[in-house]
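Engineer: what's the 3D shape of this:
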Amino acid sequence: MISEYRNFSVIILAAGKSERMGVPKLGLKFDENMLFAEKILESILEIEPMECVIVVNHQGLELVNSGKVRISDKVKIVLNDDPDKGRFYSLQCGLKSLNSRGNILITNIDNPFINKDICLKMLRQINDCDYIYPVFNGKGGHPLLINKTVAEGILLQDNTQMNLKEFLISYRKKTNNVSDQKVLININTPEDYINIFQPCS
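Structural biologist: Numbers count the residues shown, from 1 in each chain. Next up is the predicted model:
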């Protein structure tokens with residue numbers, strides 16, 4: 001389907017402590033048939049990445065091992081055994097687990113509305129920049145697509161508490177204006193979830 005853009009991998013960050021939500025977000029119900037992790041993976045696997053990794057903490061790993069969250073055998077599960085180190089460390093864990101070193105699409109478990117058309121558009125535009133992300137009405141959203149140069153820089157960073165946005169300042173940026181407001185969603189609290197998923201609550 002998209003053979004000319006096949007040199008990319010995906011990392012799903014799902015190792016946060018979810019203190020405000022109270023439960024691991026990968027196990028939140030998306031609809032009557034799927035959980036957040038399952039919905040994101042369904043969308044991601046449609047664009048045929050070379051590799052797909054989901055980074056989880058111990059709670060998330062228990063959900064997967066118990067069968068409560070169904071993960072395709074095409075997906076590599078990576079454990080962040082120290083979630084206190086934060087999102088940047090989770091990203092490092094995911095990057096270290098990859099066998100390929102092409103472009104890397106990074107998405108968070110707290111936005112299950114990943115849009116494959118937006119992903120494909122960014123994959124076509126990454127050649128003349130180091131990273132790219134969607135923008136709706138002037139606000140930056142998700143997912144983030146980085147190239148090999150950025151990935152290597154992240155792996156070399158000793159400060160595991162680094163803010164990713166600040167880290168990216170020294171790299172070449174491109175934005176992709178989109179009409180899908182859902183790129184801005186971050187579901188961090190029960191209130192966020194109820195506002196968006198009232199029918200499933």
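
Engineer: Go ahead and confirm Arg172 touches Ile132.
Structural biologist: No: look at Arg172 against Ile132 with Cβ atoms under 8 Å: they stay out of range, at 9.5 Å. Bear in mind the C-beta positions are built from the backbone N, C-alpha and C, glycine included.

Engineer: more neighbours, these two?
Structural biologist: Ile132 (24 against 13; other Cβ atoms under 10 Å).

Engineer: Quick check: closest non-adjacent residue to the more buried one.
Structural biologist: Counting by Cβ to Cβ, 6 or more residues apart in numbering, Ile132 lies nearest to Lys174, which is 4.4 Å off, once chain neighbours are set aside.

Engineer: Next one: Cys200, what pLDDT does it get?
Structural biologist: Cys200 is assigned a predicted lDDT (pLDDT) of 47.

Engineer: returning to what we had before: for the residue nearest to Ile132, list the residues it contacts.
Structural biologist: By Cβ atoms under 8 Å, 6 or more residues apart in numbering, the residues touching Lys174 are Gln125, Ile126, Asp128, Cys129, Tyr131, Ile132.

Engineer: Next: Pro143.
Structural biologist: Pro143 touches Leu105, Ile106, Thr107, Asn108, Ile114, Ile118, Cys119, Met122, Tyr133, Pro134, counting by Cβ under 8 Å, 6+ apart.

Engineer: Could you do Gly140 as well?
Structural biologist: Contacts for Gly140 (Cβ under 8 Å, 6+ apart) come out as Tyr133, Pro134, Thr175.

Engineer: Spatially central residue in the protein, please.
Structural biologist: Thr107 (1.6 Å; Cα atoms, centre = their mean).

Engineer: for that one, phi and psi?
Structural biologist: Thr107 adopts backbone torsions of phi -140, psi 160, taken as degrees, to the nearest 10.

Engineer: do the same with Val150
Structural biologist: According to degrees, to the nearest 10, Val150 has phi -70, psi -40.

Engineer: How confident is the prediction for it, by pLDDT?
Structural biologist: At Val150, the model reports a pLDDT of 97.

Engineer: Pretty sure it sits against Leu168.
Structural biologist: Yes: assessed by Cβ under 8 Å, Val150 is found in contact with Leu168 at 7.0 Å.

Engineer: what do these two both touch?
Structural biologist: What both Val150 and Leu168 touch, as defined by Cβ under 8 Å, 6+ apart, is the set Asp130, Tyr131.

Engineer: Name the nearest residue to Lys148, ignoring sequence neighbours.
Structural biologist: Once flanking residues are discounted, Lys148 sits nearest to Arg101: 5.2 Å by Cβ to Cβ, 6+ apart.
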